[in-house]
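*Asks:* Only the shape, not the letters, is given here:
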């Protein structure tokens, strides 16, 4: 009976020790939250790419506007053949503008996340974080207080890495 009591006591001690160990380990796990939308929008690479894309889109938009004005003039003169050709050109250029806008947004998003993801990973390792949760305003993080929010620090970090060429 004493051996049985000793074994049960030993098992209970081991179990208690394991539970205490797990609780202590959980204390040291670091969790942080970053506003993914702010991080994305304030990343310098995104701003640079948008500036370049804006120039290209403005050029196409000027062409669309010019054709639109010519179309209005042709409609006023009631020249059916010219109206038909300009209507086609106007529709084509508007579709081209929309297509370029969508393609530009897609390319910017892809390039930005390709650079952001490794920088965020590096930040997490450098700050010994176990988990960075991305708040995006879409309901994945319903609430967090400032204690867990690393967004401003993370924005500085990724922009510094970008400016250094990493």
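*Replies:* Here it is on my side, so go on. For clarity, every value in this text was computed on a predicted model and none was experimentally measured.

*Asks:* CA atoms for contacts and neighbours, from now on please.
*Replies:* Will do.

*Asks:* Give me the secondary structure label for the most centrally placed residue in the chain.
*Replies:* To find the centre residue of the chain, average its C-alpha atoms and take the closest one (Cα atoms, centre = their mean): that gives residue 40, at 4.4 Å. Three-state call for residue 40 (DSSP: H, G, I helix; E, B strand; the rest coil): helix.

*Asks:* So, low pLDDT: which residues of this structure?
*Replies:* Screening the chain residue by residue with the criterion pLDDT under 70, one finds the ranges 1, 5, 7, 9-10, 16-29, 137-145, 166.

*Asks:* quick one on the thing from earlier: contact partners for the residue nearest to the centre of the chain?
*Replies:* Neighbour list for residue 40: 46, 112, 113, 116 [criterion: Cα atoms under 8 Å, 6 or more residues apart in numbering].

*Asks:* Check residue 113 too.
*Replies:* The neighbourhood of residue 113, defined by Cα under 8 Å, 6+ apart, consists of residue 40.

*Asks:* give me the element it is part of.
*Replies:* Residue 113 is located in helix 80-126, with elements delineated by DSSP states H and E.

*Asks:* Measure how whichever helix or strand comes after that helix sits relative to helix 80-126, angle-wise.
*Replies:* Secondary structure here is assigned by DSSP H and E; on that basis, the next helix or strand after helix 80-126 toward the C-terminus is strand 131-135. Orientation note: strand 131-135 sits at an angle of 150 degrees relative to helix 80-126 (axes from the mean of the first three to the mean of the last three Cα atoms, to 10 degrees).

*Asks:* Filter the contacts of residue 40 down to the buried ones and express that as a ChimeraX selection.
*Replies:* Of these, the buried ones can be selected in ChimeraX as follows, counting by 16 or more other Cα atoms under 10 Å:
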select :46,112,116
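
*Asks:* a markdown table please, covering the contacts of residue 40 and showing distance to residue 70.
*Replies:* What follows is the contacts of residue 40, written out as a markdown table (distance: Cα to Cα, whole Å):
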| residue | distance to residue 70 |
| --- | --- |
| 46 | 36 |
| 112 | 39 |
| 113 | 42 |
| 116 | 45 |
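
*Asks:* Tell me the one of the contacts of residue 40 nearest residue 55?
*Replies:* When those are compared for distance to residue 55 (Cα to Cα), residue 46 comes out closest, at 14.5 Å.

*Asks:* Surely that closest one touches residue 106?
*Replies:* No: look at residue 46 against residue 106 with Cα atoms under 8 Å: they stay out of range, at 11.7 Å.

*Asks:* what sits against the nearest residue to residue 151 once chain neighbours are set aside?
*Replies:* Computed as Cα to Cα, 6 or more residues apart in numbering, the closest residue to residue 151 that is not its neighbour in sequence is residue 34, at 4.5 Å. Residues in contact with residue 34 (Cα under 8 Å, 6+ apart) are 132, 133, 134, 135, 149, 150, 151, 154.
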